[in-house]
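Student: one predicted model, sequence on top.
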Amino acid sequence: QQKVQQSPESLIVPEGGMASLNCTSSDRNVDYFWWYRQHSGKSPKMLMSIFSNGEKEEGRFTVHLNKASLHTSLHIRDSQPSDSALYLCAASRNSNNRIFFGDGTQLVVKP
Amino acid sequence: DAGVTQTPRHEVAEKGQTIILKCEPVSGHNDLFWYRQTKIQGLELLSYFRSKSLMEDGGAFKDRFKAEMLNSSFSTLKIQPTEPKDSAVYLCASSLSGLVGEQYFGPGTRLTVL
């Protein structure tokens, strides 16, 4: 049973554009969300985490969380070709429980 | 600090063979995960250990997949017997308990079963 759904499956944005990725949990007990990035041929690396309602910004990356709807989104402004990767969302019930990964959004940034 | 190491990086096996994949977690991490990744199925959890105790064994993977933690710094994943559908990238990850979502992944082992 898939607990984490991501959309879209794939996304193409022009260089310099804004990329917006979505993630929703079907488990109402989920409280913690993580975003991972996986470049082609490499392993996933944690990008950002968010546990509280609202938003968190790190450079060009902003994550939003709405706990009521169990929805998180990742926004990348001024997208660069080096941002092209598979973005994985993960969720868990607390920081001590194992996480469930979504299937990912494949982002392509075209020069 | 050394990250997660996995060996071998590539493995080719004949159908029916037994293969053993190895993983060394980040020093001091007490949670260890084995995943399988394919384009179709995405990331699938095979096993999850905390302080060497098996917490989860990935349900559908029980019959031919067996992960062990021989000590806190070494784990193996045995696939016996291998089938062509096992062809995938096998990833090992580790984390600190209490920060289970912050996982550090190894480079993976690409397994091809002929």
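Tutor: In hand now; what should we look at?
Student: contacts and neighbour counts: CA atoms only from here.
Tutor: OK.
Student: pick out the residue in chain B sitting closest to chain A.
Tutor: As assessed by Cα to the nearest Cα, chain A sits closest to B:Gly98 within chain B, at 4.3 Å.
Student: that residue is in contact with A:Arg93, isn't it?
Tutor: No. The pair B:Gly98 / A:Arg93 is not scored as a contact, 11.8 Å apart, by Cα atoms under 8 Å.
Student: not counting sequence-adjacent ones, nearest residue to the residue of chain B closest to chain A?
Tutor: Nearest residue to B:Gly98, sequence neighbours excluded (Cα to Cα, 6 or more residues apart in numbering or on different chains): A:Asn96, at 4.3 Å.
Student: I'd like to know how far the one you found sits from B:Val100.
Tutor: A:Asn96 sits 6 Å away from B:Val100, going by Cα to Cα, to the nearest Å.
Student: so which of the two has more stuff around it?
Tutor: B:Val100 (21 against 13; other Cα atoms under 10 Å in any protein chain shown).
Student: next helix or strand past the one helix or strand A:Thr72 maps to?
Tutor: In this assignment (DSSP states H and E), A:Thr72 forms part of strand A:71-76. Next along the chain after strand A:71-76, taking DSSP H and E as the criterion, comes strand A:85-92.
Student: got the residues of chain B near chain A?
Tutor: Within chain B, the positions near chain A by Cα under 8 Å from any Cα of the partner chain are B:41-43, B:91, B:97-108.
Student: of those, which is the most crowded?
Tutor: Within those, neighbour counts (other Cα under 10 Å) peak at B:Gly108, which reaches 29 neighbours.
Student: where does pLDDT dip in chain A?
Tutor: Within chain A, the stretches with pLDDT under 70 are A:1-2.
Student: what about the strands in it?
Tutor: Using DSSP state E, the strands assigned to chain A run over residues A:4-7, A:10-14, A:19-25, A:32-38, A:45-50, A:54-58, A:61-66, A:71-76, A:85-92, A:100-101, A:105-110.
Student: near chain B, which residues of chain A?
Tutor: When proximity is defined as Cα under 8 Å from any Cα, chain A approaches chain B at A:33-34, A:42-46, A:90-92, A:95-99, A:101-104.
Student: about what we covered before: from the residues of chain B next to chain A, which is closest to A:Leu65?
Tutor: B:Gly101 (16.0 Å; Cα to Cα).
Student: and the residue nearest to that closest one when sequence neighbours are not counted, what does it touch?
Tutor: Leaving aside its chain neighbours, B:Gly101 sits nearest to A:Ile99 (5.9 Å; criterion: Cα to Cα, 6+ apart). Listed by Cα atoms under 8 Å, 6 or more residues apart in numbering or on different chains, the contact partners of A:Ile99 are A:Ala90, A:Ala91, A:Ser92, A:Arg93, B:Val100, B:Gly101.
Student: also A:Val63?
Tutor: Counted by Cα under 8 Å, 6+ apart, A:Val63 has contacts A:Met48, A:Ile50, A:Glu55, A:Lys56, A:Glu57, A:Thr72, A:Ser73, A:Leu74, A:His75.
Student: which ones are touching the closest residue to it other than its chain neighbours?
Tutor: Leaving aside its sequence neighbours, A:Val63 sits nearest to A:Leu74 (Cα to Cα, 6+ apart; 4.6 Å). By Cα under 8 Å, 6+ apart, the residues touching A:Leu74 are A:Ala19, A:Ser20, A:Leu21, A:Asn22, A:Trp35, A:Phe61, A:Thr62, A:Val63, A:His64.
Student: what pairs with A:Leu74 across the strands?
Tutor: According to DSSP bridges, the residues that bridge with A:Leu74 are A:Leu21, A:Val63.
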